[in-house]
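A.B. asks: Build me a structure from this.
(2 chains)
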Amino acid sequence: MDLRPSDPVLELCAVSMAFPKPSGEPLPVLAQVNISMREGEILGLLGRSGSGKSTLLRIAAGLIKPSAGEVRYHGAPLAGPSKGIAVVFQTFALFPWLTVLENVEAGLDALALPRPESRRRALAAIDLIGLDGFQSAYPRELSGGMRQRVGFARAIVTEPTALLMDEPFSALDVLTAETLRTDFLDLWTGQQLSTRAALLVTHNIEEAVLMCDRIVVLASNPAHIAAEVPVSLARPRDRLEEAFRGIVDQIYSILTSRSLESIGAQRQLRGGAALPRVSVNQISGLIEKFAAAPYDGHAELATVATQLALQSDELFPTAEALHMLAFAEIKQNALRLTAAGRIYAQSDTEARKRLFREHLLQFVPLAAHIHRVLEEREDHQAPRLRFETELEDHLTRQDAERTLRVVTGWGRYAELFSYDDRTRRFAVPV
Amino acid sequence: MEQHAQALMGGMWQQRLPNWRDLAAVILVLALLVALGTAARQMASPWVDQAHTISLSPGALPLYALRTTVRMLIALVASLLFSVIYATIAAKSARAEMVLIPLLDVLQSVPILGYLSFTVVFFIRLFPRSALGPECAAIFAIFTSQAWNMAFSFYQSLRTVPRDLQEASSALRFSSWQRFWRLEAPFAMPGLIWNMMMSMSGGWFFVVAAEAISVGDVSYTLPGVGSYVARAITQQSLTAIGWAILAMTVTIALYDQLLFRPMVVWAEKFRVEQTALAVVPWSPVLELFRHARLLQSLGAGLRAGVDSIMRARFSPSRPAWSWRPRLPRSVVDGLWYAAILCALGYSAASLVRFAGPTLNRADLASVLSAGGLTLLRVTVLIVLATLIWVPVGVAVGLRPKLVQTVQPVAQFLAAFPANLVFPVVVVLILRLHLNARIWLSPLMILGTQWYILFNVIAGASAFPGDLREAAGCFRIRGIRWWREVMLPGIFPYYVTGAITASGGAWNASIVAETVSWGQIKLSAGGLGAYIAQMTDAGDYPRIALGIAVMSVLVIAMNRLLWRPLYRLSERRTRLD
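C.D. replies: Sure thing, here's the model as predicted:
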């Protein structure tokens, strides 16, 4: 097949995805996404957890069929997993009963090669990825980093044209992840791989800027492309360099403005939108941090993330929750405590609970809704199922379940309502 | 030291030199082959009823034990094939699943000896004048005691294959065949082997019961430990019973060491959990084979062959989605439902035609009251066994050293066919002039109570150490310790054990509620005794009625008591 250098290797064209709601209507989770993986580049797909980026990767790999739109591989439509596309999984997805060598050879099963040939190629991949000496080990004997190396070896042994990586480093500790990233980049820039284009799904902003040539930022509900950021820094890149920080900050502001949008949507939908998955302890913890020196109620999110060693996907939801509850305000890429937030930081438990209750009623429509229903009912009780069904009109089942769990935690802390898991009912606390 | 020497010698040619383990392994393999061959030849021989030729001499026992063992082995292989095929169909096709899984649920609630009453005649007609007919009937009885829960286990494994491994298999474009051998079969292996071991215990019980059977005017006796015991009972020989118990003990111990131990240790590598085990199971036999050098190098060739068969593709990989046109779903589903309804209606009609003319309301009343009596027995026995074995199990389980000696014994007792011990109890009842209606009852749970014991031991030894320490710190003692600390901790394990124990007790009632010693017959009444009497008389409609009522009772008990308890235990004892 003749390929001009500018032709995309793999292309998602107007891909949409929807799941049926309980009522039978479709609930869109991906809307009209266009992404193309170009020759010679590492493309980053950045988004918060639950933003649909893993679904996009699975659609690109042919593992899931999109409900509309199509995937083109070398210009031809894709109908299922195809030769030349390999996937690296977040959870490694190694077969525990196969040794390292056998796991890598399993990557070649589909090619039905003669035994010596498949053995030779597997050993070469093991050698390339730095697993020499571990051939006969079982995955359970390996550390996380070594396991993911097997995952990489299994993917590259097929000499894929397109390599799709689903948060490949997020299950690893910081140091191991960094080593693996560097090793991968060395292979990539040294052109030791047959791979022409790579896709990296991640929620880690710095990782994306470190590795990718172009970053697509996803926003959720339903997932769509919020921005596209080119990264033209020379490799190897330095995280402390000003240009690097500049791009990180730029992405932070894109994501914070998305956060504000989603909070707006929450208010508009009157409780029909997903709540950030944040516990009361995380909320209190962040308020206290911000109220104390050196921030004194105001700081840039990127700075806080670095100083507190928080991942952006840990910091964002909490910041969003603070903003939603009006304990703080997100502006561009900084967070500023409100007066209520400062008072909260200095109060004792009882006062905190009172303040939290007021803000919950005023600013979180779902909590207010549950409270109102309980007040209106004669026995001051209501089954959880009722709210679950209501939520599932706007959210996937999983999101509805999580959102209810979050609001239950908040409501219990504020003593706004109680919940009995055995009867699965909400009640007004006595 | 030995390993050191090996490392120093190195070199491929030296590794192939036979060592003493090769000799031992070869002897073991040859002995097994000869034994299997002998037994198999006899099984296919022309039929001679052995009722009067069964010898009570202890010298005859090894051969009888061998015949019994071979029946077990054949049934095990048959169950394995059945499980794999049945479960795979059920897991891959939603329509088949709709029928197969409820059917499996009913099949496993039917008392196993009930199958025997109906299949004996069929198998004897299938192979007239050959020993194969009765052999098949006996093997089928063992099969029914194993196949259902093995199939369930395999089905459940297929349904719970981790999502990431499924995706990896799709992304690696495995064909269906490769997917089965690479992913599904290995993933299901530990559960399958565990269930095989569990049902093996039941198997011994039923092979002993199935070797000497009479249904109406059809009766047969197959050489084996079971018919040896049957003969000993008619001859009133307690000594012979003692020999039989000894022979069975040795047989079960050998079976465990030569077959199951190696399998369990081998299956270790299929566990998905990526953590190391606290207690690593160990099998001397497997070690022997793993270190027999010559056999290993011969085996390597064999393994390579098997490996390339498993890795062959045979069919192209299925794309994740296919574009083939198909009938609208609702039409096909409608047809399928209609077919199921027709089959159900036809079966119901033929049942009524078969049993209707002979059965009347009085029959139903007597069966129901007999069923009530047996239900009462099972309930009381489970309560008693719980009161005895839960404290014992906890006491043992909290002492790791004791666990290592008691647990194998409990597992052995669960595997031991309790019906071999029945005559001993019967003699006691006769000598002491005890009330048969009361004192025959414990026989029902004699073999299955051990499931409660060893599950409770397992639960107590898995009880988190920090919770025990916390309880100690806060000085939680006495009744509160049981109620708040230990009982919730072992509850899921207890429920698992109690389900098996109660199911086993129902099964055992058919042989436990009527027993004989020479010419003396003792009956305790109850549904088991009813089925046994009707089987003796060859009264098929009433056998069917008795079995149906027992199945309904078992299903009802599972649905109304055990399943809710199991769900409760799952929900209440997890932290996330």
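A.B. asks: Just give me the neighbour total for residue 375.
C.D. replies: All of this is about chain A. 10 (other Cβ atoms under 10 Å in any protein chain shown). Every C-beta, even on glycine, is put in place using the N, C-alpha and C of the backbone.
A.B. asks: nope, chain B
C.D. replies: So residue B:375, with other Cβ under 10 Å, has 19 neighbours.
A.B. asks: what about it, is that helix, strand or coil?
C.D. replies: helix (DSSP: H, G, I helix; E, B strand; the rest coil).
A.B. asks: Would you confirm that it contacts residue B:553?
C.D. replies: Yes: between residue B:375 and residue B:553 there is a contact under Cβ atoms under 8 Å: 5.9 Å.
A.B. asks: Give the full set of residues in contact with residue B:139.
C.D. replies: Residues in contact with residue B:139, defined by Cβ atoms under 8 Å, 6 or more residues apart in numbering or on different chains, are B:71, B:74, B:75, B:78.
A.B. asks: wait, which of these is closest to chain A?
C.D. replies: Ranked by distance to chain A (Cβ to the nearest Cβ), the contacts of residue B:139 are led by residue B:78 at 25.5 Å.
A.B. asks: can you pull the contacts of residue 308?
C.D. replies: Went with chain A since none was named. Residue A:308 neighbours (Cβ under 8 Å, 6+ apart): A:289, A:315.
A.B. asks: look at chain B instead
C.D. replies: residue A:115.
A.B. asks: which residue sits closest to the spatially most central residue of chain B in space, ignoring its chain neighbours?
C.D. replies: When chain B is reduced to its mean C-alpha position, the nearest residue by Cα atoms, centre = their mean turns out to be residue B:199, at 0.9 Å. Spatial nearest neighbour of residue B:199, excluding adjacent residues (Cβ to Cβ, 6 or more residues apart in numbering or on different chains): residue B:146 at 3.7 Å.
A.B. asks: what residues are up against the one you found?
C.D. replies: Residues in contact with residue B:146 (Cβ under 8 Å, 6+ apart) are B:75, B:76, B:79, B:196, B:199, B:200, B:202, B:203.
A.B. asks: so where's the stretch 151-300 of chain B shaky on pLDDT?
C.D. replies: B:273-281 (pLDDT under 70).
A.B. asks: got the residue ranges for the helices in it?
C.D. replies: With DSSP state H, counting those that start in this stretch, the ranges of helices along the stretch 151-300 of chain B come out as B:163-171, B:176-179, B:185-210, B:225-234, B:238-255, B:261-267, B:284-291, B:293-311.
A.B. asks: quick one: contacts of the second one?
C.D. replies: When you say that, I think you mean helix B:176-179. A:109, A:110, B:169, B:310, B:311, B:312, B:313, B:314, B:315, B:318.
A.B. asks: let's see 7 Å
C.D. replies: With contacts defined as Cβ atoms under 7 Å, 6 or more residues apart in numbering or on different chains, helix B:176-179 is touched by A:109, B:169, B:311, B:312, B:313, B:314, B:315, B:318.
A.B. asks: Next, give phi and psi for residue A:230.
C.D. replies: Main-chain torsions, residue A:230, degrees, to the nearest 10: phi -80, psi 140.
A.B. asks: Would you confirm that it contacts residue A:214?
C.D. replies: Yes: with contact defined as Cβ atoms under 7 Å, residue A:230 counts as touching residue A:214 (5.2 Å).
A.B. asks: higher neighbour count, these two?
C.D. replies: Neighbours per residue, other Cβ under 10 Å: of residue A:230 and residue A:214, the larger number sits with residue A:214, 18 against 11.
A.B. asks: now the more buried one: how far from chain B?
C.D. replies: Distance, residue A:214 to chain B, by Cβ to the nearest Cβ, to the nearest Å: 24 Å.
A.B. asks: got a list of what that residue touches?
C.D. replies: Per Cβ under 7 Å, 6+ apart, neighbours of residue A:214: A:41, A:43, A:44, A:228, A:230, A:231.
A.B. asks: Neighbours of the second one, how many?
C.D. replies: Counted with other Cβ under 10 Å, residues neighbouring residue A:43 total 24.
A.B. asks: quick one: pLDDT of it?
C.D. replies: Residue A:43 is assigned a pLDDT of 96 by the prediction.
A.B. asks: can you tell me the helix or strand for residue A:382?
C.D. replies: Element membership of residue A:382, judged by DSSP states H and E, is strand A:381-383.
A.B. asks: Return, as residue ranges, the portions of the stretch 1-150 of chain A with sub-threshold pLDDT.
C.D. replies: Those would be A:1-6, if you go by pLDDT under 70 across the stretch 1-150 of chain A.
A.B. asks: Residues of it that sit close to chain B?
C.D. replies: Contacts of the stretch 1-150 of chain A with chain B, taken as Cβ under 7 Å from any Cβ of the partner chain, map to A:61-63, A:65, A:79-81, A:87, A:89, A:91, A:93, A:95-97, A:106-107, A:109-110, A:112, A:115, A:138-140.
A.B. asks: Next step: those restricted to helices.
C.D. replies: Under the assignment DSSP state H, these contribute A:106, A:115 to helices.
A.B. asks: related to what we said a few turns ago, tell me which two of the contacts of residue A:214 sit farthest apart.
C.D. replies: The widest separation within those, taken as Cβ to Cβ, falls between A:41 and A:228 and amounts to 12.4 Å.
A.B. asks: which of the two has more neighbours?
C.D. replies: For residue A:41 and residue A:228, the more surrounded residue by other Cβ under 10 Å is residue A:41, and the numbers stand at 19 against 12.
A.B. asks: residues in contact with the more buried one?
C.D. replies: Residues near residue A:41 by Cβ under 7 Å, 6+ apart: A:197, A:213, A:214.
A.B. asks: can you redo those residues as JSON lines with pLDDT and secondary structure?
C.D. replies: Formatted as JSON lines, the entries for the contacts of residue A:41 read as follows, by pLDDT from 0 to 100; DSSP: H, G, I helix; E, B strand; the rest coil:
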{"residue": "A:197", "pLDDT": "94", "secondary structure": "strand"}
{"residue": "A:213", "pLDDT": "95", "secondary structure": "coil"}
{"residue": "A:214", "pLDDT": "96", "secondary structure": "strand"}
